[in-house]
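Visitor: My questions concern the predicted model and sequence given below.
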Amino acid sequence: MKKTYLILMIFIITLMLASCGPLPISVKFDANGGVASSTNLELKEGSEVGLPTATKDNKTFLGWFDQDGNEVTSTTTITNNITLYAKWDSYDVTYLSNDELYQVVSVAHDEKIIFPKTNPKDSFDANHQYTFEGWDIDKDTIVTKDLTVNAIWNSEDIMWAKVKAGVDPIKRTMFRLSYIYKDSLFDVEPNTFSKELALFAFGAANLTEDGTTISSFYSSLEFDNIHLSESYSHTPTTSSIGYCFAHKQVKGSEVICVTIRGENYQSEWVNNFIVGQGGDHQGFSESATQVKDDLEEYLNSYSSGNIKLLITGYSRGGGVANNLAHQILSSDNYLQANAKMYTYTFEAPASVEMANGIDYPNVFNLVNSADIVCYVPPIRYGFKRCGIDIELYSTNLESALLANGYMTKLPSFEAKAGSYTHDIAFTNYVIDTLTTFNGDTSSSLNTRQLYYSNYQESICYLMGLMLKMDKSVITTIQNDLSSRSKVELAALLTANGLYSYLSNMLNSNGVSYDVPKLSSACQALSKLINGPAMPLITNLAGSNNLSRMLAMHAFEVTYSLLVNLEVK
């Protein structure tokens, strides 16, 4: 009975299925970012498909295709459920940065993906730097549909060195008072120029005016064992040199920063004019040797570690830093053999004899083409900077200064295209005029030996006396001289006139001097003024070129050029 019942049920189901006929076939349409006139059809097996139309803004419809890329037309026989995809002549690749639209790039069908020509800019908040690392798609991706691609960001802890109060480190409205630091600055190899490391080094180099400031700078960045040279604790002399050492352990390495004083060095400035008779620049070389000897003793505490050494300095400090790097790299010593050394100098005068000036790949000198300090001593004296010079240049320096709030550092002038080029030409004119041989070897500045014989002792003595006076007195002298008529200046610029003027100024400010030495120095200065310098004095009358040239050495100018530097 049960068997008969089962057979009967199977027979009934078979009849039902036979009466229904074949099941319909489902055809779905994916417009691939466009709009289709129909999104779903049901067909009988073996029948032809009536294909819908499709549209998409600014795109040309090329037909319907299956998932394997085979075209399906109205005459194609469909035998199974299927999804068909619209094909367009191109597709939109939408790039997002932090979930916000960055750019849309159109890519032809079946072509390799195209990335935006520029990348999103790195950004900061109070504790992190966000660095763009790429896009979340393979560069070899073939585009067959609209895509959305997201920026990949690396978040890294950073610290701000806030040296003085009232500074917003996020807006960085005053660069001089707030600097960014992160441990990864030292991940780069020393031979590779790093703009980020250059900016940090520049910040340190411009906070050397006193021991408290540079110590606070490094302390705020969690450096330790901060060591200041003795000259920070007493009045600088012509033979002293200010510098700071600071240490921090970073990722298993001992990072040591050596920062040479580049401002407020008072009598140390006289050292700039002691070129010597031969070899490296005597003043810079002797100062660098002092730093090197003290550094070697400082590093005894880290002799077993992996040392990464940063040397930096601005202006005179840059000249000493450059010579220090040369002394370390040109000799067989512990530092040369065991330390990774990074050197970044800014507006540094030349300090190495041409014959010794090796182009070390890990010494970078950032040079403002219009800054006269970078041209001294003159190249014809046989000096150069060791390492690699990186020229800071701007076709529109005024805009860069204005953007950074530093326009007041330059004297009033009409900002116009090419003015910076004019500044560079003028600086070269000054150097060439002063060092052109005038036929009189007793007053010429044409060669190193003539400068040494004719002027070095006298200039150093006069500079030493002037630097013993308050800065306000120097300003008073400048204003007084600029207000005098040509007739008055002619009388003043004789040897007797200079002696009378300077001796009165020194006496009134309580500065003692050696009468024969001052007399001899005034005679030499009169020869210089009435000899090599006379064309300058004549041509500078009524011009602001000289004041512009002096302003070009301001750190604000260097910074404005540095932040706009494009690293090739």
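Guide: Okay, I see it. Since the structure is predicted, the reported quantities are computational estimates derived from the model, not experimental observations.
Visitor: What ranges does the stretch 51-200 of the chain have for its strands?
Guide: Using DSSP state E, counting those that start in this stretch, the strands of the stretch 51-200 of the chain run over residues 54-55, 61-65, 71-72, 82-88, 90-97, 100-108, 111-112, 123-124, 128-135, 142-143, 147-157, 159-162, 178-181.
Visitor: With mean pLDDT and distance to residue 392 added, can I get the ones you listed in CSV?
Guide: Backbone N, C-alpha and C define where each C-beta goes, glycine included. Converted to CSV, the strands of the stretch 51-200 of the chain look like this (pLDDT from 0 to 100; distance: least, CB to CB, whole Å):
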stretch, mean pLDDT, distance to residue 392
strand 54-55, 90, 54
strand 61-65, 90, 53
strand 71-72, 87, 59
strand 82-88, 90, 49
strand 90-97, 93, 30
strand 100-108, 93, 31
strand 111-112, 92, 38
strand 123-124, 71, 24
strand 128-135, 84, 24
strand 142-143, 92, 42
strand 147-157, 86, 27
strand 159-162, 54, 23
strand 178-181, 67, 19
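Visitor: Rebuild those strands as a markdown table, extending it with mean neighbour count and distance to residue 453.
Guide: Shown next, in a markdown table, are the strands of the stretch 51-200 of the chain (neighbours: other CB atoms under 10 Å; distance: least, CB to CB, whole Å):
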| stretch | mean neighbour count | distance to residue 453 |
| --- | --- | --- |
| strand 54-55 | 18 | 89 |
| strand 61-65 | 17 | 86 |
| strand 71-72 | 15 | 91 |
| strand 82-88 | 21 | 82 |
| strand 90-97 | 19 | 65 |
| strand 100-108 | 14 | 65 |
| strand 111-112 | 12 | 70 |
| strand 123-124 | 14 | 55 |
| strand 128-135 | 16 | 55 |
| strand 142-143 | 16 | 75 |
| strand 147-157 | 15 | 56 |
| strand 159-162 | 18 | 47 |
| strand 178-181 | 20 | 45 |
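Visitor: got the ones you listed as a markdown table, with distance to residue 294 columns?
Guide: Formatted as a markdown table, the entries for those read as follows, by distance: least, CB to CB, whole Å:
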| stretch | distance to residue 294 |
| --- | --- |
| strand 54-55 | 77 |
| strand 61-65 | 75 |
| strand 71-72 | 79 |
| strand 82-88 | 71 |
| strand 90-97 | 48 |
| strand 100-108 | 51 |
| strand 111-112 | 58 |
| strand 123-124 | 36 |
| strand 128-135 | 34 |
| strand 142-143 | 62 |
| strand 147-157 | 32 |
| strand 159-162 | 24 |
| strand 178-181 | 24 |
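Visitor: Residue 308 is nearest to which of these?
Guide: For residue 308, the closest of these is strand 178-181, at 14.0 Å, according to CB to CB.
Visitor: among the strands of the stretch 51-200 of the chain, which is nearest residue 252?
Guide: Across the strands of the stretch 51-200 of the chain, residue 252 has its closest neighbour in strand 147-157 (17.0 Å, CB to CB).
Visitor: So which residues make contact with that closest one?
Guide: Residues external to strand 147-157 that are found in contact with it (CB atoms under 8 Å, 6 or more residues apart in numbering): 91-99, 102, 113, 120, 127-137, 141, 182-184.
Visitor: let's see 10 Å
Guide: 33, 91-100, 102-103, 105, 107, 113, 115-116, 119-120, 122-123, 125, 127-137, 141, 182-184 (CB atoms under 10 Å, 6 or more residues apart in numbering).
Visitor: Just the element for residue 528, please.
Guide: Residue 528 is located in helix 515-530, with elements delineated by DSSP states H and E.
Visitor: wait, residue 276 sits on residue 460?
Guide: No. The pair formed by residue 276 and residue 460 falls short of the contact definition of CB atoms under 10 Å, at 11.6 Å.
Visitor: Now do the shared contacts for the two.
Guide: residue 283.
Visitor: Would you point out the helix or strand in this structure whose mean pLDDT is lowest?
Guide: Of all helical and strand segments in the chain, the minimum by mean pLDDT, DSSP states H and E falls on helix 2-20, at a mean of 50.
Visitor: that older thread, looking at the strands of the stretch 51-200 of the chain, spot the one closest to residue 486.
Guide: Evaluated with CB to CB, those place strand 178-181 nearest to residue 486, the distance being 47.2 Å.
Visitor: that older thread, which strands or helices does the helix holding residue 528 pack on?
Guide: Using 3 or more CB pairs under 10 Å, 6 or more residues apart in numbering; DSSP states H and E as the contact criterion, the elements in contact with helix 515-530 are helix 457-466, helix 486-492, helix 495-508, helix 534-539.
Visitor: Identify each buried residue in the second one, please.
Guide: Residues residue 492 are the ones in helix 486-492 that count as buried (16 or more other CB atoms under 10 Å).
Visitor: Which strands or helices does that helix pack on?
Guide: helix 471-483, helix 495-508, helix 515-530, helix 534-539.
Visitor: now these in a markdown table, with mean pLDDT?
Guide: As requested, those are arranged in a markdown table below (pLDDT from 0 to 100):
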| stretch | mean pLDDT |
| --- | --- |
| helix 471-483 | 75 |
| helix 495-508 | 91 |
| helix 515-530 | 90 |
| helix 534-539 | 69 |
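Visitor: ranking these by burial, who's on top?
Guide: helix 515-530 (a mean of 17; mean count of other CB atoms under 10 Å).
Visitor: Show residues contacting it.
Guide: Contacts of helix 515-530 from elsewhere in the structure, counted by CB under 10 Å, 6+ apart, are 434, 440, 442-445, 454-465, 489-490, 492-503, 506, 513-514, 533-534, 536-537.
Visitor: what's the angle from that helix to helix 495-508?
Guide: Interaxial angle of helix 515-530 relative to helix 495-508 (axes from the mean of the first three to the mean of the last three CA atoms, to 10 degrees): 130 degrees.
Visitor: Out of the helices and strands packed on helix 515-530, which is closest to residue 77?
Guide: Minimum separation from residue 77 across the helices and strands packed on helix 515-530 (CB to CB) falls at helix 534-539, 93.4 Å.
Visitor: Poorly predicted segments of the chain, please.
Guide: In the predicted model, the chain carries pLDDT under 70 at residues 1-23, 45-48, 124-127, 157-179, 333-338, 394-422, 437-439, 482, 537-548, 566-568.
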